[in-house]
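Trainee: Please work out how this folds:
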Amino acid sequence: MPTVLVVLTDGFEEMEAIAPIDLLRRAGAEVTVAALAEGIHVTGRNGVTVHADTSLTAVVARDFDCVVLPGGPGVKNLRADPRVRSVVLRQHAAKRWLGAICAAPTVLQDAGLLDGRRYTAHFSVANELTGILANERTVADGHLLTSRGAGTATDFGLLLVEKLFSAEKAQEISRSICA
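Mentor: Numbering: from 1, shown residues only. Below you'll find the predicted structure:
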C-alpha cells in the first residue's frame, strides 16, 4: 500500500487538499495528513477546519512514497519552514513522488527542483514561475507532479492515484465518482 504525506498549514486551499486525500484513500493509499504547526487542527482559507492525523514534527523523519503540498495563501508558511524544504529535498533525492498544486510549486522552485522541468501552477505565481504550462491541468515530469489550482484538484488526485497505483485504478476511481 503506497504511503502519502499531505502537509497542511493554516490558509491551505481546502479543495486542493481534500480531493486528493479522498481519491488516494479510495484507491487504498495510506494517507497521513500532517499539520505544519504543532496542533492538529488546521483551518483553510475558506474557514474549513481539518483535523490532521499528526504534526509534521512527528513524521518529518519518515519516508513516504509521495509527498503532496496543497496551495492557497498558506503556501507562504510552507515556503518559510525548513522542515518542508528538507522533506521535499529528501523526497527528490530518493526519486519518490512529489505533488504540488496551485501556488505550492513555488516550494519546489525554492528547493531548486523546477529548473529545466515541465510544470504547471496557478496564474497568481506566474511572475515567480515563468515556465508555467498555463493550458495544462496537470503535468507529470519525472517524479514531479503539478496542477493548476482548486478547479483541477480532482484531476490532480487522479494523477496521484495513477502514478502510485496504475492508470486502471485511476480510471476505476474516476468512474466511481462520475468524473
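
Trainee: make it CA atoms for all contacts and neighbour counts henceforth
Mentor: Fine.

Trainee: Helices along this protein, start to end?
Mentor: Assigned by DSSP state H, the helices in the chain fall at 14-27, 56-59, 75-80, 82-93, 105-110, 153-164, 167-176.

Trainee: Tell me which of the ones you listed sits most buried.
Mentor: With neighbours taken as mean count of other C-alpha atoms under 10 Å, those reach their highest mean count in helix 153-164, at a mean of 24.

Trainee: Next, report how far that helix is displaced from the centre of its chain.
Mentor: In terms of C-alpha atoms, centre = their mean, to the nearest Å, the centre of helix 153-164 is found 10 Å from the chain centre.

Trainee: Tell me which of the helices of the chain lies nearest to residue 37.
Mentor: Closest approach to residue 37 among those (C-alpha to C-alpha): helix 56-59, 7.4 Å.

Trainee: Give me the packing partners of that closest one, helices and strands only.
Mentor: Packing contacts for helix 56-59, counted by 3 or more C-alpha pairs under 8 Å, 6 or more residues apart in numbering; DSSP states H and E, involve strand 30-35.

Trainee: Show me the contact partners of the strand it packs on.
Mentor: Strand 30-35 has contacts (C-alpha atoms under 8 Å, 6 or more residues apart in numbering) with 1-9, 21, 24-25, 40-42, 52-56, 59.
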